[in-house]
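J.: build the 3D model from these lines:
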Amino acid sequence: MKKILTANRLSDGEAVWLAADHSWVERIDDAEVACSEEAREKLERAGKAAFLKNEVVDVELIDVELVDGKIWPIRLRERIRAAGPTIHPELGKQARRPVPVAA
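T.: Next up, the predicted model:
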């Protein structure tokens, strides 16, 4: 199963994902996708280090698949976090880019 590392940025609560350069990005499609156990362990180590530096909280590996070259979270909760918030279409991530529709 493919996985990515997600968290919430401590400074503003924004849902973020770990990129290949170990920066925290606001777009899920910019996240590094781990396809092996070694790659997943590398993401986890980077997430723990960022947590200890008080950069992020709620660090978690999540299951994803690639759909038409885009990262698609398996769980609905993670799809909402990637598109959210769900309060108004002109606020948050959904105001910045089109949101994929479930098949």
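J.: then stretch 22-37 to CSV, C-alphas only?
T.: Taking C-alpha atoms only, stretch 22-37 is exported to CSV below (Å, rounded to 0.1, in the frame of the first residue of the first chain):
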residue,chain,number,x,y,z
HIS,A,22,11.2,17.2,4.2
SER,A,23,9.3,20.5,4.0
TRP,A,24,5.6,20.5,5.0
VAL,A,25,3.4,21.4,2.0
GLU,A,26,-0.2,22.5,1.9
ARG,A,27,-1.1,20.6,-1.3
ILE,A,28,-1.5,16.8,-1.0
ASP,A,29,-0.2,16.3,-4.5
ASP,A,30,3.1,17.7,-3.5
ALA,A,31,3.6,15.0,-0.8
GLU,A,32,6.2,12.3,-1.1
VAL,A,33,4.6,8.9,-1.7
ALA,A,34,6.2,5.9,0.1
CYS,A,35,6.0,2.6,-1.8
SER,A,36,8.2,0.5,0.4
GLU,A,37,8.7,-0.2,4.1
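J.: longest helix in the chain, by residue count?
T.: helix 37-52 (DSSP state H).
J.: for the protein, give me the ranges with low pLDDT.
T.: Under the criterion pLDDT under 70, the flagged ranges of the chain are 85-89, 91-103.
J.: that one: strands as residue ranges?
T.: All strands of the chain, identified by DSSP state E, fall at 2-9, 15-18, 24-25, 56-67, 70-73.
J.: so which bits of the fourth one are buried?
T.: This points to strand 56-67. Buried residues in strand 56-67, counted by 16 or more other Cβ atoms under 10 Å: 56, 59, 61-62, 64. For every residue, glycine as well, the C-beta is placed using N, CA and C.
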